[in-house]
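Asks: One predicted model, sequence on top.
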Amino acid sequence: MTSELRETVRRAYAAAALRVTEGDTAGSGGCCGPDRFGSALYGAEDRAGLPGDAVAASLGCGNPTAVADLRPGERVLDLGSGGGIDVLLSARRVGPTGRAYGLDMTEEMLALALANAREAGVGNAEFLKGTIEAIPLPAGTIDVVISNCVINLSADKGAVFTEMHRVLAPGGRIGISDVVAEDHLTPAQRAERGDTVGCVAGALSFTEYRAGLAAAGFTDIGITPAHEVADGMRSAIVRAVKPLTAG
């Protein structure tokens, strides 16, 4: 991500965190829009027992914890964890023998996520400051990488895919929700449908996404379209696996 774009994204999501902290939950979905993004994409069972601010701060385009098939004892990393909703849900699923990490570059979102974790009484979650293009974790230490409508914000998605592959243990997997463009749309046409901070302009096409994951070393790649977020742009569920052995 270029420094200018990164700063634009940081300011937008810092403002979203502050709106939630100040009680403006009606405006918390302003980055991406409340109907096709946000807490409405989580079922009542998922939202039950979570702090209200964690739910209000959700700006994603899906519910990756519902498709990642998390198991007790696993180590989970959420890229761009925001207010922490997916980290808290992951921590619940992996149980006390597992661990859920959240990575975010925005101080305001990290502070909100930490407050939400304390309120929820979650002891197996940890939040890290950093960028998704340079994950501050050792290689081979994560079982599952999740992310909710964040990778499309990066200007260097190849670096993100490479970093995901690096931190995953052999046999590890990804379960991601992201915005993906239909293959016929050019980058210019994607930009016409929304801006980057709004989770639209920076989206890869289905073919580009699949190629990027394959170039990073992933196999068993599946990209399943879900609801439409703009003309020719869809929320999608992305799954892939890091092979047990190289090559």
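Replies: Received it, and whenever you're ready, just let me know what you need. For clarity, every value in this text was computed on a predicted model and none was experimentally measured.

Asks: Determine how far the last residue of stretch 144-153 lies from the first.
Replies: 21 Å (CA to CA, to the nearest Å).

Asks: For that stretch, what does the pLDDT average out to?
Replies: Averaging pLDDT along stretch 144-153 yields 91.

Asks: Who are the packing partners of the helix or strand hosting residue 221?
Replies: In this structure, residue 221 is located in strand 219-230 according to DSSP states H and E. Contacts defined by 3 or more CB pairs under 8 Å, 6 or more residues apart in numbering; DSSP states H and E place strand 219-230 against strand 168-181, helix 206-216, strand 233-241. Any C-beta I mention is one placed from the backbone N, CA and C, and that applies to glycine too.

Asks: what helices or strands is the host helix or strand of residue 162 leaning on?
Replies: Following DSSP H and E, one finds residue 162 within helix 157-167. Helix 157-167 makes packing contacts with strand 75-79, strand 142-148, helix 206-216 when contacts are defined by 3+ CB pairs under 8 Å, 6+ apart.

Asks: Buried deepest among those, which one?
Replies: Most buried of those, by mean neighbour count (mean count of other CB atoms under 10 Å): strand 75-79, with a mean of 27.

Asks: Strand 142-148 and that one, what's the angle between them?
Replies: 30 degrees (axes from the mean of the first three to the mean of the last three CA atoms, to 10 degrees).

Asks: List the pairing partners of strand 75-79 within its sheet, with orientation.
Replies: As defined by DSSP bridges, the strand partners of strand 75-79 come to strand 99-104 (parallel), strand 142-148 (parallel).

Asks: In TSV: those strands, plus distance to residue 164.
Replies: Formatted as TSV, these follow (distance: least, CB to CB, whole Å):
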stretch	distance to residue 164
strand 99-104	11
strand 142-148	5
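
Asks: for the ones you listed, which one sits closest to residue 118?
Replies: For the strands paired with strand 75-79, proximity to residue 118 was assessed by CB to CB; strand 99-104 is nearest, at 13.6 Å.

Asks: Heading C-terminal from that closest one, find the next helix or strand.
Replies: According to DSSP H and E, the helix or strand after strand 99-104 is helix 107-120.

Asks: orientation of that following helix relative to strand 99-104 in degrees?
Replies: Using the same axes, to 10 degrees: helix 107-120 against strand 99-104 is 150 degrees.
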